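Q: Okay, predicted coordinates and the sequence, questions at the end:
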Amino acid sequence: MTCDHHPHPRPGPPRPARRAAVDFDPPYRLYSQDLLEQVTGELRDIVGAHPGADLLAPAAVTRHPDHLLVHDAAVRLGCRWFWEDLAFWSTYALAGCDRYLFRARNGPRLTSELVDITEVLLDKVTILRMHGSQMHPARKMYRPIRHAWTTAAELPAGTGTYAERFYRTESL
């Protein structure tokens, strides 16, 4: 398996129970257990270097193999907070499929929470722009802004123009 920013060895066949709940059309494949162990260890080292910090990981809404891998590694380390890593597909139909598959994989395990990000939207877009795979070519830069704007429609009236969805494993 290969993604746009680093190579991974191609894993063996996916586990049947997981495959039934996730759409793994090429190039998406499940990661190997060895790769999960490696990433969990690397993430454990990062968490250990920052005592008292909360771990925030992708919720694995998207089918991207790196997001699924990091999500599972973070869960193994007790992560409680996840961001909605919905892919910015050019059509909402594919995003709808991702959301359906996400709900099928997780059921009621994660609680959704909206956060008004109006004040920090420019910071978010600037940071995304720094990550090579996120906002290039430039014609795709509107997608995270469009998504934040449409997500804000679910906020109480008059509370924000842009929002982001997070998920958590327990009530606060």
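A: Yes, it's here.
Q: So Arg165: helix, strand or coil?
A: strand (DSSP: H, G, I helix; E, B strand; the rest coil).
Q: The closest residue to it other than its chain neighbours: neighbour count?
A: Distances taken as CB to CB, 6 or more residues apart in numbering put Glu84 closest to Arg165, at 4.0 Å, once the chain neighbours are dropped. Yep, even glycine has a C-beta here, placed from its N, CA and C like the rest. Neighbourhood size, Glu84 [other CB atoms under 10 Å]: 20.
Q: same question, Glu119
A: 10.
Q: Can you tell me how far it is from His131?
A: For Glu119, the distance to His131 equals 21 Å [CB to CB, to the nearest Å].
Q: Repeat that for Ala49.
A: Noted for Ala49: a distance of 21 Å to His131, by CB to CB.
Q: How about Ser32?
A: Taking CB to CB, one finds Ser32 at 25 Å from His131.
Q: try Pro144
A: 11 Å.
Q: And Asn106, by the same measure?
A: 25 Å.
Q: more neighbours, the two?
A: Between Asn106 and His131, counted using other CB under 10 Å, the more crowded position is Asn106 (17 against 10).
Q: Give me the neighbour count for Ala57.
A: Counted by other CB under 10 Å, the residues lying close to Ala57 total 21.
Q: pretty sure it belongs to a helix, no?
A: No: using three-state DSSP, the assignment for Ala57 is strand, not a helix.
Q: Spit out the contact partners of it.
A: 70-71, 73-75, 79, 81-83 (CB atoms under 8 Å, 6 or more residues apart in numbering).
Q: and the residue nearest to Ala163 when sequence neighbours are not counted, backbone torsions?
A: Once flanking residues are discounted, Ala163 sits nearest to Ala152: 3.9 Å by CB to CB, 6+ apart. Dihedral angles of Ala152 (phi, psi; degrees, to the nearest 10) stand at phi -60, psi -20.
Q: Hmm, Leu121 and Ala152 touching each other?
A: No: if you go by CB atoms under 8 Å, Ala152 and Leu121 don't touch, sitting 10.0 Å apart.
Q: hey, what's in contact with both of the two?
A: Tyr162.
Q: Let me know the helix or strand that the residue of the chain most remote from its centre is in.
A: Residue distances from the centre of the chain (CA atoms, centre = their mean) peak at Gly158, which lies 27.6 Å from the mean C-alpha position. Per DSSP states H and E, Gly158 falls between elements, in no helix or strand.
Q: Can you tell me how far it is from Ala152?
A: The gap separating Gly158 from Ala152 is 11 Å, by CB to CB.
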